[in-house]
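K.L.:
Here is the input, now give the coordinates:
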Amino acid sequence: MPFTSETIEITAEERDELEQMTRSRTLPAADIFRARLILMLAQGLPYRTIQARLDTTAATISRWKDRFLRGRIAGLVEVRHAGKRPFVITPALTAKVIGATRRQPKDGSTHWSCRKLAQSLGVSKDSVQRIWQRAELKPHRLERYMTSDDPDFERKAADIIGLYLDPPQHAAVFCVDEKTALQALDRLDPVLPMSPGRAERHGFEYYRHGTLSLYAALDVQTGKVLGKTAARHTSDEFVQFLEQVMLSCKPRQEVHIILDNLSAHKTKKVAAFLEQHPRVRLHFTPTYSSWLNQVEIWFARIERDVISRGIFLSVRDLSRKLMRYIRAYSQNASPFKWKYSNPKRRIAVC
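P.N.:
The predicted structure follows:
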């Protein structure tokens, strides 16, 4: 049965107040809607017309018509919930959450999630999240570190940093290291190229053609890199690479080489090389302190640019692409602006 509209009687004062409500810019939209509805009923408009103009239902029209007839304009205003009292994060709760966060969960897991800790303490997850944010606690994150156990750490570190900041006049300073076990991986499935809205995609399966080692020497002053690939990383290959580095230097130029404590760097063949080249001096980094060697920064770059996403048809293809990158890099190379941000943290003042 279709709803029919019966004209409701309103006083002049009510009409003025309802019209003021419809023109208000501060009242809630729901109050303005109800005022317009009552004015249309007072004009005798049928339900269908009111439904179309206000985009509402006949049941809604009847409900607010009845409320107006019972309570007049006051009946149009819904009693709104005052809301809950704001939850205050107290210092005691903060200390409780932080203390529990630093303890391992009893269910065998390694760290807390905000929901798991909230359930354990009987508080809301939002409170836990806010306390973590204020205290800069991130249980889901993990950072690894390596502490040097070298008893002569300070002297060795200061020696190497001195070569970076104030190298000997007319001397050449090289950072040398090898990147071993580089795999020549070839994808079995075709590569799907990048397109708008889609990243480049590689097949999951691959074929391993073999491995090789990459020797690199970074010139600290120019940023240029000398490279050499080898099937194995042996003392013979390392000495041959040092000979290659010497050929790039000026005659009778003093040469300083920074390198790590790999056993291949301290053999009798290396000692014999140093006797033949008295102008060469080796500077070994402290144990577990590869971050002092600038060539590690460059290794991270070639890993990102060539190796990690590369497709290599053979070991020779891998070697060729590595050397091509090194030649192109050295043409526009620039020295690293290397610095230690907080010397007081690990390096004692002499």
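K.L.:
Can I get the longest strand anywhere in the chain in PDB, CA atoms only?
P.N.:
What stands out as the longest strand in the chain, according to DSSP state E, is strand 172-187. Output of strand 172-187 as PDB, limited to C-alpha atoms (Å, rounded to 0.1, in the frame of the first residue of the first chain):
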ATOM      1  CA  ALA A 172      98.800   6.200  -4.300                       C
ATOM      2  CA  VAL A 173      96.200   4.700  -1.900                       C
ATOM      3  CA  PHE A 174      94.200   1.600  -3.000                       C
ATOM      4  CA  CYS A 175      91.500  -0.300  -1.300                       C
ATOM      5  CA  VAL A 176      91.800  -3.900  -2.400                       C
ATOM      6  CA  ASP A 177      89.500  -7.000  -1.900                       C
ATOM      7  CA  GLU A 178      88.000  -9.900  -3.700                       C
ATOM      8  CA  LYS A 179      84.400 -10.800  -4.200                       C
ATOM      9  CA  THR A 180      84.300 -14.600  -4.300                       C
ATOM     10  CA  ALA A 181      81.900 -17.300  -5.600                       C
ATOM     11  CA  LEU A 182      80.000 -15.100  -8.000                       C
ATOM     12  CA  GLN A 183      77.500 -17.300  -9.800                       C
ATOM     13  CA  ALA A 184      76.900 -17.200 -13.500                       C
ATOM     14  CA  LEU A 185      73.100 -17.800 -13.300                       C
ATOM     15  CA  ASP A 186      71.000 -18.200 -16.400                       C
ATOM     16  CA  ARG A 187      67.200 -18.100 -16.200                       C
END
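K.L.:
tell me what that strand is packed against?
P.N.:
strand 206-219, helix 235-247, strand 255-259, helix 295-302, helix 315-331 (3 or more CB pairs under 8 Å, 6 or more residues apart in numbering; DSSP states H and E). C-beta coordinates here come from the backbone N, C-alpha and C atoms, glycine included.
K.L.:
Pull up the pairing partners for that strand, direction included.
P.N.:
Partner strands and pairing direction for strand 172-187 (DSSP bridges) are strand 206-219 (antiparallel), strand 255-259 (parallel).
K.L.:
quick one: the longest one to helix 295-302, angle?
P.N.:
Put plainly, it is strand 206-219. 140 degrees (axes from the mean of the first three to the mean of the last three CA atoms, to 10 degrees).
K.L.:
What residues of strand 206-219 count as buried?
P.N.:
Across strand 206-219, burial judged by 16 or more other CB atoms under 10 Å covers 209, 212-219.
K.L.:
Contacts only, for I38.
P.N.:
8, 10, 18, 64-65, 68, 76 (CB atoms under 8 Å, 6 or more residues apart in numbering).
K.L.:
Apply 7 Å and report the result again.
P.N.:
18, 68 (CB atoms under 7 Å, 6 or more residues apart in numbering).
K.L.:
quick one on the thing from earlier: pick the most deeply packed of the helices and strands packed on strand 172-187.
P.N.:
Stretch with highest mean neighbour count among those: strand 255-259 (a mean of 21; mean count of other CB atoms under 10 Å).
K.L.:
Could you point out the helix or strand that follows that strand?
P.N.:
helix 268-276 (DSSP states H and E).
K.L.:
So which residues make contact with that next one?
P.N.:
Residues outside helix 268-276 that contact it (CB under 7 Å, 6+ apart): 235-236, 238-239, 242, 280.
K.L.:
Using the three-state scheme, assign the residue most central in space within the chain.
P.N.:
Central residue of the chain (CA atoms, centre = their mean): R141, 11.2 Å from the mean position. Classification of R141 by DSSP: H, G, I helix; E, B strand; the rest coil places it in coil.
K.L.:
measure it to K65 for me?
P.N.:
60 Å (CB to CB, to the nearest Å).
K.L.:
now swap in D186 and tell me
P.N.:
Distance from D186 to K65, by CB to CB: 78 Å.
K.L.:
Let me have the helices and strands packed on strand 172-187 in a markdown table, extended by distance to V123 and mean pLDDT.
P.N.:
A markdown table is the format used below for the helices and strands packed on strand 172-187 (distance: least, CB to CB, whole Å; pLDDT from 0 to 100):
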| stretch | distance to V123 | mean pLDDT |
| --- | --- | --- |
| strand 206-219 | 49 | 94 |
| helix 235-247 | 60 | 94 |
| strand 255-259 | 53 | 96 |
| helix 295-302 | 43 | 94 |
| helix 315-331 | 54 | 95 |
